[in-house]
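In: with the sequence up front, the predicted model follows.
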Amino acid sequence: MNPDPIAWRDEESAVWFAGLVVGALLIRRCDDCGHHGRPDAVACTACESRTLRWVEAVGTARVVATVATPEQNGGHTIQALVELTEGPWLFVPIIGTYSAPAPGTPLTLTILRPPEGEPIPAFTVAA
């Protein structure tokens, strides 16, 4: 498995990547209604407010769906659509397993630190 995708920060993603550097997965929370949104949200999907702030996710999720992509070396890369405990969905690598976890499988956050680029969130099957 090749868990080293390369990501680069820009002005819009700087806060999110800064959180990952210190081990925190940051998401957006609406100050008006408390709804949690994806890191790239510019408005609340529940009430349409634009008063969002960064908050740290607890670092747990459940699998919604998975994709296993074969690699030339005979292995495969597993990626999943996951639902964070707070509600937002992210598409992330799943590491530490040789088979795609079933929908509903509990996951725990880990931060990948590739040799190039920025750290990225990934998940492992919860123990």
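Out: Happy to help now that I have it. Numbering: from 1, shown residues only.

In: now the helix or strand harbouring R53, how far from the chain's geometric center?
Out: With elements delineated by DSSP states H and E, R53 resides in strand 52-56, which encompasses its position. Going by Cα atoms, centre = their mean, to the nearest Å, the spacing between the C-alpha centre of strand 52-56 and its chain's C-alpha centre is 15 Å.

In: cool, and stretch 105-120?
Out: Averaging C-alpha positions (Cα atoms, centre = their mean) puts stretch 105-120 8 Å from its chain's average.

In: which positions within that stretch qualify as buried?
Out: Residues of stretch 105-120 classed as buried by neighbour count (16 or more other Cβ atoms under 10 Å): T105, L107, L109, T110, I111, L112, E118, P119, I120. Every C-beta, even on glycine, is put in place using the N, C-alpha and C of the backbone.

In: list the buried ones in the strand holding R53?
Out: The neighbour-count criterion (16+ other Cβ under 10 Å) identifies L52 as the buried residues of strand 52-56.

In: ok, that strand: who's next to it in the sheet?
Out: Applying DSSP bridges to the sheet, strand 52-56 is found paired with strand 26-30 (antiparallel).
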